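Student: Structure for this input, please:
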Amino acid sequence: MPRDARARRAAEAFARRPSDRRSRAEWARLAGASERTLERLFHAEVGTSFGRWQRQVRLRALELLADGRSVTSVALEVGFETPSAFIAMFKSALGATPGRYFSDRARAADDR
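Tutor: From the prediction side, this is the model:
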């Protein structure tokens with residue numbers, strides 16, 4: 001989490017509700033900063049852009065999927081309008097679709 005009060009305001013609001021679909025400009029306005037300032041703060045304090053940080057928060061979906069929740073319910077809960085958009089982000093971030101990711105993990109655990 002960023003230390004700067006402006007960036008922290010946006011981060012905490014998003015972390016409480018990752019399904020919030022505000023634009024970057026709207027998040028910056030909530031933070032009381034310009035878009036550019038919000039991005040600079042995230043890069044300086046978190047080491048990544050606000051958008052990438054949001055994707056990481058949304059990847060908490062791993063926990064929900066591991067608990068047996070459906071891809072559709074998880075996708076909607078973490079802020080995606082469609083399961084396919086969530087699957088695309090998941091694959092981009094982790095190199096596999098949710099189904100393949102968990103089946104590969106299960107196979108690897110069985111091989112141990």
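Student: which regions of this structure sit below the pLDDT cut-off?
Tutor: Residue ranges of the chain with pLDDT under 70: 105-108, 111-112.
Student: try 50 this time
Tutor: For the chain, no stretch is flagged by pLDDT under 50.
Student: how does it divide into domains?
Tutor: What automatic domain parsing lists as the domains of the chain is 5-58, 61-111.
Student: among those, which is the most enclosed?
Tutor: Most buried of the domains of the chain by mean neighbour count (mean count of other C-beta atoms under 10 Å) is domain 5-58; its value is a mean of 16. For every residue, glycine as well, the C-beta is placed using N, CA and C.
Student: what's Ala10 in contact with, if anything?
Tutor: 27-28, 30-31, 38, 50 (C-beta atoms under 8 Å, 6 or more residues apart in numbering).
Student: which residues does Ala6 contact?
Tutor: Small correction: residue 6 is Arg, not Ala. Shown in contact with Arg6 (C-beta under 8 Å, 6+ apart): 31-33, 37-38, 41.
Student: now swap in Phe50 and tell me
Tutor: 7, 10, 24, 27, 38-39, 42.
Student: Do a quick rundown of the helices in this protein.
Tutor: 5-16, 24-31, 35-45, 50-58, 61-66, 71-77, 83-94, 98-111 (DSSP state H).
Student: The shortest one - contacts with which helices or strands?
Tutor: I take that to be helix 61-66. When contacts are defined as 3 or more C-beta pairs under 8 Å, 6 or more residues apart in numbering; DSSP states H and E, helix 61-66 sits against helix 71-77, helix 98-111.
Student: if we compare these, which one ends up closest to Gln54?
Tutor: helix 71-77 (14.3 Å; C-beta to C-beta).
Student: Could you name the helices and strands sitting against the closest one?
Tutor: helix 61-66, helix 83-94, helix 98-111.
Student: Figure out which of those helices is closest to Met1.
Tutor: Of all those, helix 61-66 sits nearest to Met1, with 18.3 Å by C-beta to C-beta.
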